[in-house]
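> pasting the structure only:
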């Protein structure tokens, strides 16, 4: 039986922040609540937008993601809203479309920014004509990038293969007990910004996992880590000798990562 999904405090804070933002804007626009009631929120939410932009830019500088364009937009957008609150300019939330010229600025800056060098193909030489297994595994990984959405791998007898999955916001539910797992090492990478990951692995299948999360909880079998900047490496005792095994990499900014064995 699959346990019900639980959310940690940090996930609730982020989710409630977005819900509150949308609810206040709708209620204010429909004149259901007065400006006096919503004044505190009206004054403070631009700082949240500005802070998100700063966070994304800092993350880009550290090389964790490519978010220069979106982060810059949030900083400018939030900055104008803050300036409006202090009566320096007149600018409201629904005027975000007026910032479209930022696209040209971003394109211009991109010409001056150092381009990412293409990796030269690696050549592996062996007297026994052996090919590097790690190179083959990465080369043949299926890639699936989605901005927003949930992913479920729990269909009867679904085929397990090496995959590289990424999205901005969304949950993953991966049930290997219902899958056909090939008799080899299969590498699966799951990453994103906000989301929960639930993985169920059969008792007889060995696995190793490297899981990281900036804000949230990680639980792998009986090992648990919660809070900020969590990092777990776990490997079953029989992993090295096993022929059928799973190599998992899971990395998120905010959310929960849970791995169970049944």
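Yep, it's here. From a predicted model like this one, the values you see are computed outputs, not experimental measurements.

> count of neighbours near residue 213?
Residue 213 has 26 neighbours, counted by other Cβ atoms under 10 Å. All C-beta atoms are positioned from the backbone trio N, CA, C, and that covers glycine.

> what helix or strand is residue 78 located in?
Element membership of residue 78 [criterion: DSSP states H and E] is helix 68-85.

> what of residue 253?
Here residue 253 is assigned to strand 245-261, by DSSP H and E.

> give me the mean pLDDT for that strand.
Taken as a whole, strand 245-261 has an average pLDDT of 92.

> ok, and for it, which residues are buried?
Neighbour counts using 16 or more other Cβ atoms under 10 Å place 245-248, 250-259, 261 of strand 245-261 among the buried residues.

> identify, from those residues, the entry nearest to residue 202.
Comparing these against residue 202 with Cβ to Cβ places residue 261 closest, at 7.4 Å.

> from what I can see the closest one touches residue 201, true?
Yes. The criterion here is Cβ atoms under 8 Å, and residue 261 meets it with residue 201 at 5.1 Å.

> now, the most widely separated pair of the buried residues of strand 245-261?
Every pair of those checked by Cβ to Cβ; the farthest is 245 and 254, at 29.4 Å.

> so where do the strands sit in the stretch 151-262 of the chain?
In the stretch 151-262 of the chain, the segments counted as strands under DSSP state E, counting those that start in this stretch are 151-153, 158-159, 163-169, 172-175, 179-180, 185-201, 206-220, 223-235, 245-261.

> adding distance to residue 96, write the ones you listed out as TSV.
Formatted as TSV, these follow (distance: least, Cβ to Cβ, whole Å):
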stretch	distance to residue 96
strand 151-153	30
strand 158-159	41
strand 163-169	18
strand 172-175	31
strand 179-180	44
strand 185-201	20
strand 206-220	27
strand 223-235	31
strand 245-261	23
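
> of all the ones you listed, which lies closest to residue 91?
That would be strand 163-169 among the strands of the stretch 151-262 of the chain, by Cβ to Cβ, at 26.1 Å.

> quick one, domains of the chain?
Per the record, the chain has its domains at 34-112, 133-261, by automatic domain parsing.
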